[in-house]
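*Asks:* Here is my input; please provide its structure:
(one chain, ligands or ions: 1)
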Amino acid sequence: MVNRQTTTFLKQRMEEAGIRPVSKFGQNFLIDLNLVNMIADSANLTKQDIAVEVGTGTGSLTGLIAQKAGRVITVEIDQNLSQLAQEELASFDNIIFLQQDALRNKNNLSSLLIETIREEMAGVDGARLKLVANLPYNIATPLITNLLTLDDIVPTSMTVTIQKELADRIVARPGTKDYGALSLWIQAQCSPEIVRIMSPQVFWPRPKVDSAIIHLETDFNKRRRIPDLAYYHRFVRNLFIHRRKLLRGVLVSVFKNELSKQQIDNVLEGLNLTGKLRAEQLAVPVVFELCERFREIQQQEDKAL
Ligand code: SAM
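*Replies:* Below is the predicted model of the structure:
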């Protein structure tokens with residue numbers, strides 16, 4: 001299977017198994033072997049690594065990463081595909097197949113997936129976790145975002161195929177239309193890089209939009225500088241709730257029950273953030289500083305109660 005993922009092969013193999021691609025699961029299979037290799041190579045896998053793949057599909061990428069990583073945990077929601085991949089990859093003894101939804105309640109990671117990752121990590125000294133996947137479009141954001149929230153199993157890198165529009169938002173610079181909460185959440189913890197833009201032709205069936213392979217290298221020094229990840233996450237999401245409003249207006253409205261206008265103005269003046277500024281103009285370190293000032297005030301007030 002590893003070397004055979006062409007449209008003809010896929011159609012024939014799926015017909016034999018009596019199945020068809022299911023669009024609601026984002027089943028767009030990569031049919032360009034060079035690109036499948038590019039994903040696996042960009043992940044820089046070693047035998048010390050535990051690779052997690054979400055969306056086993058027919059197993060073409062799974063087989064490649066299993067040759068490079070120590071162990072692979074691969075998750076597939078579609079029972080038929082999971083079974084087909086298990087048949088194709090029966091000769092590997094370092095792949096754990098989970099047949100289930102990688103997410104719980106659409107937004108959190110599945111408990112079984114988290115437990116399996118924890119168990120595997122505990123079994124290898126100095127184990128590093130890497131996400132390597134051709135992701136289904138509709139779960140890419142919650143998956144990537146959530147993997148950065150769990151301290152003990154944060155991946156050292158994520159090398160994934162996602163919608164190009166999402167990749168643009170992840171790498172966006174301040175002052176651009178794509179810059180927002182996702183850029184600020186990821187760039188505060190990772191160095192993101194677009195490896196390759198891909199047109200719909202490299203998939204079967206073809207999706208309607210362009211895709212991109214993106215590599216996110218986690219920067220643990222940056223991460224350590226965020227004392228309260230959950231607070232920072234909420235803060236950056238709140239900043240972009242009213243994208244058209246000026247920064248001060250957004251902060252006053254979001255924090256109306258927690259901070260007075262005077263406190264907010266003092267913070268903004270202290271950071272030289274006065275005038276007609278919008279959140280989308282602020283660089284990552286500035287937002288981080290702003291978030292910390294707000295957090296500290298709230299912490300002091302909580303203690304005083
Ligand atoms: N890895 C294969 C490849 O590269 O050709 C398939 C990639 S395809 C874009 C995405 C795969 O993710 C599909 O096989 C789909 O069934 C699976 N999938 C979709 N939603 C999922 C979910 N919530 N949890 C786990 N797998 C999911």
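
*Asks:* tally of neighbours for D125?
*Replies:* By other CB atoms under 10 Å, the residues close to D125 number 6. From N, CA and C alone the C-beta is placed, and that goes for glycine too.

*Asks:* Also the one 4 residues further on?
*Replies:* One way to gauge burial is a neighbour count; for L129, by other CB under 10 Å, it gives 22.

*Asks:* now the helices: where do they sit in the stretch 201-305 of the chain?
*Replies:* 220-224, 229-239, 247-254, 261-270, 284-304 (DSSP state H, counting those that start in this stretch).

*Asks:* Quick one: residues in contact with the last one.
*Replies:* Right, the one you point to is helix 284-304. Residues from elsewhere that reach helix 284-304, judged by CB atoms under 8 Å, 6 or more residues apart in numbering: 174, 183-184, 187-188, 225-228, 231-232, 235-236, 239, 251, 255, 258-259, 263, 267, 270-271, 273, 279, 282.

*Asks:* let's see 6 Å
*Replies:* 184, 187-188, 231-232, 235, 258, 263, 267 (CB atoms under 6 Å, 6 or more residues apart in numbering).

*Asks:* what does this structure put close to the ligand?
*Replies:* By CB under 6 Å from any ligand atom, the residues of the chain that approach the ligand are 25-30, 54-55, 57, 60-61, 75-78, 81, 101-103, 134, 136, 139.

*Asks:* Inside helices: which ones of those?
*Replies:* 60-61, 81 (DSSP state H).

*Asks:* right, and out of the residues you listed, which lies closest to A40?
*Replies:* Of all those, A40 sits closest to L61, with 6.6 Å by CB to CB.

*Asks:* and the closest one, how many residues sit next to it?
*Replies:* L61 - counted by other CB under 10 Å - has 29 other residues nearby.

*Asks:* just the one 4 residues further on next, same as before
*Replies:* By other CB under 10 Å, 26 other residues sit near I65.

*Asks:* Could you do A212 as well?
*Replies:* With other CB under 10 Å as criterion, A212 counts 20.

*Asks:* dump the residue contacts of it.
*Replies:* A212 neighbours (CB under 6 Å, 6+ apart): 164, 167, 194, 197.

*Asks:* what sits up against whichever strand or helix holds the second one?
*Replies:* The secondary structure element spanning A167 is helix 164-171 (assigned by DSSP states H and E). Contact partners of helix 164-171, identified using CB under 6 Å, 6+ apart, comprise 140, 178, 182, 186, 192, 194, 197, 210-212, 214.

*Asks:* I'd like those residues as a markdown table, with pLDDT appended.
*Replies:* As requested, the contacts of helix 164-171 are exported to a markdown table (pLDDT from 0 to 100):
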| residue | pLDDT |
| --- | --- |
| A140 | 97 |
| D178 | 97 |
| L182 | 97 |
| I186 | 98 |
| P192 | 98 |
| I194 | 98 |
| I197 | 98 |
| D210 | 98 |
| S211 | 98 |
| A212 | 98 |
| I214 | 98 |
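
*Asks:* Kindly reformat those residues as TSV containing distance to V287.
*Replies:* Formatted as TSV, the contacts of helix 164-171 follow (distance: CB to CB, whole Å):
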residue	distance to V287
A140	23
D178	16
L182	13
I186	13
P192	16
I194	22
I197	28
D210	29
S211	28
A212	24
I214	21
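
*Asks:* Identify those among those residues that sit within strands.
*Replies:* 192, 194, 197, 211-212, 214 (DSSP state E).

*Asks:* Derive a ChimeraX selection command for the buried subset of these.
*Replies:* Buried residues within the ones in strands among the contacts of helix 164-171, by 16 or more other CB atoms under 10 Å, are selected in ChimeraX with:
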select :192,211,212,214
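
*Asks:* ok, so of the ones in strands among the contacts of helix 164-171, who is nearest the ligand?
*Replies:* Set against the ligand, the nearest of the ones in strands among the contacts of helix 164-171 by CB to the nearest ligand atom is S211 (8.9 Å).
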